[in-house]
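> take a look and give me a structure for this.
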Amino acid sequence: MTRSLLTRAGLLLAGTVTTLLATAAPAAAHGADAPNGTDYRAEVTAVTPARPELRVRLVEAGARLELTNTGSEPVEVIGYSGEPYLRIGPDGVFENTRSPATYLNRTIAGDTVLPAEVDPAAAPQWRRVDGGTTARWHDQRALWREPGPPARVRVAPDREHRVRDWVVPLRAADGPVEIRGTLDWVPPPDAYTWWVAVTLGALAVGAAGLLPAASAPGRRALAGLGGLLAAGGVAAVVLTVGRVLDAGAEGIGTVLAGLLTGPVWGLLTGLGAVAAGGWALTRRAGVDFVVALAGACLALFAGVTNAAAFTRAVPPVPWSATAARVLVVLVVVAGAGALAAAVLRLHATGRAAPPAGASGPSTRDDPAHYSRADAGGSAGLNR
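The predicted model follows:
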């Protein structure tokens, strides 16, 4: 019975890994539009002249520029050739289908093939793309799009460098407006240090699976695993919410919508880990299998998918990069450690269980059986 349960656990865990690999391809295809991190910190410094009806910020780790216009008159964003590119106002968001920026700004790489009708010198043709008053776009003026870092960074990569001061021109009803900002190189962290912390932590947690499950220390270890798994689940949910906030979500409704349409796997595995951790505290039968499955999903879907924070200076969260890395460490340690400990416990239980149908030692292997049989046979012959 236990051996069959262990086999099913292994098959299910293998299926989980296969599912992750199968679903990772579409996400990687869109990774350029919503990066997992960057070494370039972009910031908006001013809107000149100041306009209280205009709110500008950078989202998605600086990958997109966001402009909200709450005024009664529309404002135009000027493209790379001086042509009108976007129009944002009370009647919605419009894009100029004649502007090259309309197509180049769809990806960070800016490698979209321009259609034949593109002509920045022609009169704009406006197409409504949203009914709100907020537009988000990749703007090449606020990004570093070269394959390698600037020359000054290559000379001294361990120091911060100002890459450029950038300007995005706008056109309002009463005159020109500018969005001003900066782009800086930030040295990436030492990924080795963080991975060492993850490895040592996971090994320490996994060692709890060596304690006999039926013993008092083993029961306390299971409770500890449950608590750690729940903590890792909470950290995964916090990371997921952080990514949604960094993508521009505001308010409970917008955040919930972003969670359901964005990094939903991180949210589900985080909540699942919290539930599995609570179940582990009840010490019910089969809980080791649940802990193993929840740990695998947590480490893969919420930990590995956020591991770019170990190698990038600016992760896609609205708080400090160090806090994001600590959360990722907690998620991976809790998930991988719980998986290792639960598998060890399942393996030990499978080895300790008697074979199916066996209720005790066989009489054929009992020396006393043969002694009694021989004695009985001798007595029969004497009679």
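> output the below-cut-off pLDDT ranges for the chain.
Applying pLDDT under 70 to the chain flags the ranges 1-33, 284, 350-383.
> tell me the domain ranges of it?
Structural domains assigned to the chain are 2-33+188-352, 40-185, following automatic domain parsing.
> most packed of these?
Burial of the domains of the chain is given as mean neighbour count (mean count of other CB atoms under 10 Å); domain 2-33+188-352 ranks first at a mean of 19. In short, each C-beta sits where N, CA and C put it, glycine included.
> now that domain, how far from the centre of its chain.
Distance of domain 2-33+188-352 from its chain centroid, counting by CA atoms, centre = their mean, to the nearest Å, is 11 Å.
> for stretch 103-113, same thing?
The answer for stretch 103-113 is 25 Å, by CA atoms, centre = their mean.
> residues in contact with it?
32-33, 35, 63, 80, 85, 114-115, 118, 137-140, 143, 145 (CB atoms under 8 Å, 6 or more residues apart in numbering).
> stretch 270-283 now?
219, 222-223, 225-237, 239-240, 287, 290-291, 293-295, 297-298, 302, 334-335.
> and what of stretch 71-85?
Applying CB under 8 Å, 6+ apart, the external contacts of stretch 71-85 come out as 51, 53-54, 67, 69, 86-91, 95-96, 98-102, 104-105, 120-121, 124, 135, 137, 140-141, 168-173, 177.
> can you tell me the helix or strand for the residue nearest to residue 77 when sequence neighbours are not counted?
Excluding the flanking residues, the one nearest residue 77 by CB to CB, 6 or more residues apart in numbering is residue 86, at 4.0 Å. Using DSSP states H and E, residue 86 maps to strand 84-89.
> starting at the chain centroid, how far to the helix or strand that comes right after that strand?
Going down the chain from strand 84-89, the next helix or strand is strand 92-96, by DSSP H and E. Averaged C-alpha coordinates place strand 92-96 at 32 Å from its chain's average position (CA atoms, centre = their mean).
> now swap in stretch 173-188 and tell me
Offset of stretch 173-188 from its chain centre (CA atoms, centre = their mean): 29 Å.
> can you pull the alpha-carbon coordinates of it into CSV?
What follows is stretch 173-188, C-alpha atoms only, in CSV (Å, rounded to 0.1, in the frame of the first residue of the first chain):
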residue,chain,number,x,y,z
ALA,A,173,-3.7,71.9,-26.3
ASP,A,174,-1.8,74.9,-25.0
GLY,A,175,1.7,74.0,-25.9
PRO,A,176,4.6,71.4,-25.6
VAL,A,177,5.2,69.3,-22.5
GLU,A,178,8.1,67.1,-21.7
ILE,A,179,8.5,63.9,-19.6
ARG,A,180,12.1,63.9,-18.3
GLY,A,181,13.9,61.0,-16.7
THR,A,182,17.1,59.1,-16.2
LEU,A,183,18.5,55.7,-17.1
ASP,A,184,21.3,54.2,-14.8
TRP,A,185,23.3,51.0,-14.9
VAL,A,186,23.1,49.2,-11.5
PRO,A,187,25.6,46.4,-10.8
PRO,A,188,23.9,43.0,-10.5
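> where do the strands sit along the stretch 151-300 of the chain?
Ranges of strands in the stretch 151-300 of the chain, per DSSP state E, counting those that start in this stretch, are 161-172, 175-185.
> CSV for the ones you listed, including distance to residue 191?
Formatted as CSV, the strands of the stretch 151-300 of the chain follow (distance: least, CB to CB, whole Å):
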stretch, distance to residue 191
strand 161-172, 21
strand 175-185, 17
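> quick one: which of these is nearest residue 195?
Taking CB to CB, strand 175-185 is the member of the strands of the stretch 151-300 of the chain nearest to residue 195, at 23.3 Å.
> can you report phi and psi for the residue nearest to residue 119 when sequence neighbours are not counted?
Excluding the flanking residues, the one nearest residue 119 by CB to CB, 6+ apart is residue 98, at 5.2 Å. Dihedral angles of residue 98 (phi, psi; degrees, to the nearest 10) stand at phi -90, psi -10.
> surely residue 98 meets residue 117?
Yes: in this structure, residue 98 is within contact of residue 117 by CB atoms under 8 Å, at 6.5 Å.
> residue boundaries of the strands in the stretch 1-150 of the chain?
Under the criterion DSSP E, counting those that start in this stretch, strands of the stretch 1-150 of the chain are mapped to 40-48, 54-59, 64-69, 75-78, 84-89, 92-96, 126-130, 134-137.
> tell me which of these lies nearest to residue 198.
Evaluated over those, closeness to residue 198 peaks at strand 40-48, with 25.1 Å, by CB to CB.
> next up, phi/psi of residue 317, please.
Main-chain dihedrals, residue 317, degrees, to the nearest 10: phi -140, psi 150.
> could you find the closest non-adjacent residue to it?
residue 242 is the one closest to residue 317 (CB to CB, 6+ apart), at 3.7 Å.
> quick one: the one you found and residue 286, what's the gap?
According to CB to CB, to the nearest Å, residue 242 and residue 286 sit 34 Å apart.
> good, we can wrap up now.
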